[in-house]
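Novice: here is the input, now give the coordinates:
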Amino acid sequence: MTTPRTASGSPIRVVVAKPGLDGHDRGAKVVARALRDAGIEVVYTGLHQTPEQIVDTAIQEDADIIGLSVLSGAHMTLFAAVLEQLKAKQADDIVVFGGGIIPEGDIPELEALGVAKIFTPGTTTQSIVDWVVERVGAPQPA
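Specialist: Just a heads-up that it's a prediction; the model follows:
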């Protein structure tokens, strides 16, 4: 298996996080495992992380991208807070994507805030892996 790499040649690094009080992390673990199986380096932060903890982890781990899983209904607040923390810490080059129970009507507003992509229930793990590699990975030789 070829390890997906960034344009600088380093392996793609993803922080998968569960912000807020939501205690259901099965989906986050499934996505983290699919990314790992694809050769991507993954750091899973565990449950009940604050936006500041998530951003600090992403900076410390030199992550290229953060994936947030939100099922609690607090997605507008939590995504905005993570994006604000990234900007405040001059790390807003880290891409943010997410998934969970997010109403279709909220997706354009999240994208306007700076969220790169929202995956809704029923999305295949392969399509998430493909999107991450396409979004932050270097072009692969033909």
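Novice: in what helix or strand does Gln23 lie?
Specialist: Careful, residue 23 is Gly and not Gln. Using DSSP states H and E, Gly23 falls within no helix or strand.
Novice: partners of the helix or strand containing Val96 in the sheet?
Specialist: Under the criterion of DSSP H and E, Val96 resides in strand 95-100. Its sheet considered, strand 95-100 pairs with strand 65-70 (parallel), strand 117-119 (parallel) by DSSP bridges.
Novice: report the angle between the axes of whichever helix in the chain runs longest and strand 95-100?
Specialist: Across the chain, the longest stretch assigned as helix under DSSP state H is helix 75-88. Compare the direction of helix 75-88 with that of strand 95-100 by axes from the mean of the first three to the mean of the last three C-alpha atoms, to 10 degrees and you get 160 degrees.
Novice: all helices of this protein, in order?
Specialist: Using DSSP H, helices in the chain cover 26-37, 51-60, 75-88, 107-113, 125-136.
Novice: so can I have JSON lines of these showing mean pLDDT and mean neighbour count?
Specialist: No exception for glycine: its C-beta is placed from N, CA and C like everyone else's. As requested, the helices of the chain are exported to JSON lines (pLDDT from 0 to 100; neighbours: other C-beta atoms under 10 Å):
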{"stretch": "helix 26-37", "mean pLDDT": "97", "mean neighbour count": "17"}
{"stretch": "helix 51-60", "mean pLDDT": "98", "mean neighbour count": "19"}
{"stretch": "helix 75-88", "mean pLDDT": "98", "mean neighbour count": "19"}
{"stretch": "helix 107-113", "mean pLDDT": "98", "mean neighbour count": "13"}
{"stretch": "helix 125-136", "mean pLDDT": "97", "mean neighbour count": "16"}
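Novice: rewinding a little: buried deepest among the strands paired with strand 95-100, which one?
Specialist: strand 65-70 (a mean of 25; mean count of other C-beta atoms under 10 Å).
Novice: that one vs helix 26-37, what angle?
Specialist: Going by the same axes, to 10 degrees, strand 65-70 makes 160 degrees with helix 26-37.
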